[in-house]
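Undergrad: With the sequence up front, the predicted model follows.
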Amino acid sequence: QVQLVESGGGLVQAGGSLRLSCAASGRTFSRCAMAWFRQVPGKEREFVATISWLGSRTGYGDSVQGRFTISRDNAKKTLYLQMNTLKPEDTAVYYCAAAQTPAITSYDYDYTYWGQGTQVTVSS
């Protein structure tokens, strides 16, 4: 079992930056691929970024490639998402998720554990 708690969301102007964190507790965090997803009310959940359990491999959604960076600190059991050059269309609730496998994947059905989400609002 893995419990996930996101933090770091808030209101920021377009062009600004935010850093999200996801604190994990429970067993086997270090053997889980992790990811960030986001969702806007009325729309499907969107893949943002994923990272392998060793942090050696990452993957990004097309809309955030080059602007967002995913990273993890297994010793601290914490996942991060550095978001730069934010746009109003990045406004969403951001969720971190943990898979039961070490390999990266962009499919939400591969992720077993989910946090409660943190709101990110980007003003124009």
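TA: Nice, I can see it. Numbering: from 1, shown residues only.

Undergrad: Quick check: which element contains residue 16?
TA: Per DSSP states H and E, residue 16 falls between elements, in no helix or strand.

Undergrad: Excluding chain neighbours, what is closest to it?
TA: Nearest non-adjacent residue to residue 16, counting by CB to CB, 6 or more residues apart in numbering: residue 86, 5.4 Å away. Every residue, glycine included, has its C-beta placed from N, CA and C.

Undergrad: which residues does residue 124 contact?
TA: Counting by CB atoms under 8 Å, 6 or more residues apart in numbering, residue 124 touches 14, 88.

Undergrad: again, but for residue 18
TA: 8, 9, 10, 12, 83, 86, 120.

Undergrad: again, only this time at 10 Å
TA: Residues near residue 18 by CB atoms under 10 Å, 6 or more residues apart in numbering: 8-12, 68, 81-84, 86, 90, 94, 118, 120-122.

Undergrad: Show me those that map onto strands.
TA: Members of those lying in strands (criterion: DSSP state E): 10, 11, 12, 68, 81, 82, 83, 94, 118, 120, 121, 122.

Undergrad: Report the contact partners of the fourth one.
TA: Listed by CB under 10 Å, 6+ apart, the contact set of residue 68 reads 18, 20, 36, 48-49, 60-61, 81-86, 90.

Undergrad: repeat that with 7 Å
TA: The contact partners of residue 68, by CB atoms under 7 Å, 6 or more residues apart in numbering, come to 48, 49, 60, 81, 82, 83.

Undergrad: And for the fifth one?
TA: For residue 81, the contact set (CB under 7 Å, 6+ apart) comprises 20, 36, 49, 68, 70.

Undergrad: Would you quantify the distance from it to residue 9?
TA: Remark: distance between residue 81 and residue 9 (CB to CB, to the nearest Å) = 10 Å.
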